[in-house]
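Trainee: let's see this in three dimensions:
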Amino acid sequence: MADRFVHQNFSDVVATAAALARLEFDGIIPLNDFAIHSAARIARDRTLPGWNEFAERCFISKVAMKRCWIESGLPTPRCTFTTVAKLLAGEFPDWDIWPAVIKPAFSGGGSRGVFIARDWDEAAAGLRQVERTYLDGEIVIEEFIKGSEHTLEVLVCRGNPTLLSISDKENYAGSDTVVQKLFFPGPVGHSYRKKLEPLVFAACRSMQLTDGTAHFEVLIRNGELFLLEVGGRPGGGLNLQPICEISTGYDYPALLATVLSGGSPDFERKRAEHLAWHYFPRGDGILRAVEGFASIKDEPDVVDAELYEEIGKPRFDLRNDLARPGYVLVRSSSIERARERAAKLVAGVRFVTTEAVGSSS
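Mentor: Model (predicted):
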């Protein structure tokens, strides 16, 4: 679809604007967190639809985002803010709610640098291991709430939001931060649609969103809703395409491109199916072989399947969403069938490993 390629580090706003100076285009779409800053600035400079300065700030700083929601009276876990330098120096904020989620104000997404701590000692020790992912040096310390987690895709056109998609998420066993399974449409999330929709729309208004798309993460505990965070771009990986179109009938890329080029989106929907996005289990040692994966992509109900781990290298450690082994995405006429089928395909893949050098049995 692209007819021009520009080799440029797009997290550098000035350099990106210069690299695109001679090119004419009708809209600019940020596809990940690192692109939001440049896309928003360049869109404003060219008077194209996009995020205003206030919205941009909320998207690239969880501190600004949380403050916006708190000041607007929206439900979000209790939190406080500090910096990497202060926490590692033993200068702790007034906070006594444990366990707590320690997360960077900006890391580029993918749960980079996010961990759970049970006291200040654990917070400092954990931060020392991941402090390089805290790219702006600011920290959000947030009350840890156990509940069901959901993602929502919300398209905003001239300030009017439309909810496109709701998913259900399940984390890896033993992990409170890394997702292993996602289901579209999420049956649990959709049972709360009448509450979720006005909540995320209110969050859009509080952040003064005008034109673009927002990827929300929301938690539900005992019927109570909490806004966790939001990205000013589509959900990562396969969310933009093909997950949204298959599971909702909406042509997400076309809708977003229409909004960001100044047009009016047509929300006509195609026939939808159910999807299960299931990541493979983690393992230890050195990966020597993967058995049973090669034939998966040929299965008629498999939309996509991918392996990220490499033969001869250590298994991934699940430190964040970018350290997962790979996945299979399955479509079916019901969510139960999609879930069962994905689980069966995942169980049929065997990761053959040997112990890493120096490890104990």
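Trainee: where does the chain dip in pLDDT?
Mentor: By pLDDT under 70, the low-scoring segments of the chain are 1-2, 357-361.
Trainee: quick check: domain ranges of it?
Mentor: Here the chain is described, according to automatic domain parsing, as comprising the domains 78-143, 275-354.
Trainee: which one of these lies nearest to residue 233?
Mentor: Among the domains of the chain, the nearest to residue 233 by C-beta to C-beta is domain 78-143 (8.7 Å). The way it works is simple: take the backbone N, C-alpha and C, and place the C-beta from them, glycine included.
Trainee: distance across the closest one, terminal residue to terminal residue?
Mentor: One end of domain 78-143 to the other measures 5 Å (C-alpha to C-alpha, to the nearest Å).
Trainee: and it, how far from the chain's centre?
Mentor: Offset of domain 78-143 from its chain centre (C-alpha atoms, centre = their mean, to the nearest Å): 19 Å.
Trainee: surely residue 127 and residue 88 touch.
Mentor: Yes. With contacts defined as C-beta atoms under 8 Å, residue 127 counts as touching residue 88 at a distance of 6.4 Å.
Trainee: what's the closest of the domains of the chain to residue 188?
Mentor: Residue 188 lies closest, by C-beta to C-beta, to one member of the domains of the chain: domain 275-354, at 10.2 Å.
Trainee: quick check: end-to-end length of the closest one?
Mentor: Between the opening and closing residues of domain 275-354 there is a gap of 34 Å (C-alpha to C-alpha).
Trainee: strands of the stretch 151-300 of the chain, start to end?
Mentor: Using DSSP state E, counting those that start in this stretch, the strands of the stretch 151-300 of the chain run over residues 160-166, 168-171, 179-184, 212-221, 224-231, 274-279, 286-291.
Trainee: using CSV, please lay out the ones you listed together with distance to residue 309 and mean neighbour count.
Mentor: Written out in CSV, the entries for the strands of the stretch 151-300 of the chain read as follows (distance: least, C-beta to C-beta, whole Å; neighbours: other C-beta atoms under 10 Å):
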stretch, distance to residue 309, mean neighbour count
strand 160-166, 29, 20
strand 168-171, 19, 18
strand 179-184, 15, 23
strand 212-221, 26, 22
strand 224-231, 26, 20
strand 274-279, 11, 24
strand 286-291, 5, 14
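Trainee: related to what we said a few turns ago, output the domains of the chain in TSV, with distance to residue 197 appended to each entry.
Mentor: What follows is those, written out as TSV (distance: least, C-beta to C-beta, whole Å):
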stretch	distance to residue 197
domain 78-143	24
domain 275-354	20
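Trainee: can you tell me the element the residue nearest to residue 4 when sequence neighbours are not counted falls in?
Mentor: Nearest-residue entry for residue 4: residue 23, 6.7 Å, with adjacent residues in sequence omitted and distances by C-beta to C-beta, 6 or more residues apart in numbering. Using DSSP states H and E, residue 23 falls within no helix or strand.
Trainee: is it true that residue 149 touches residue 175?
Mentor: No. With contact defined as C-beta under 8 Å, residue 149 does not reach residue 175; the gap is 12.0 Å.
Trainee: comparing the two, which residue is more hemmed in?
Mentor: Per other C-beta atoms under 10 Å, whichever of residue 149 and residue 175 has more neighbours is residue 149, with 23 against 14.
Trainee: what about the more buried one, distance to residue 166?
Mentor: Relative to residue 166, residue 149 is positioned 11 Å away (C-beta to C-beta, to the nearest Å).
Trainee: returning to what we had before: to residue 354, which of the strands of the stretch 151-300 of the chain lies closest?
Mentor: If you check each of those against residue 354 by C-beta to C-beta, strand 286-291 wins as the nearest, at 5.2 Å.
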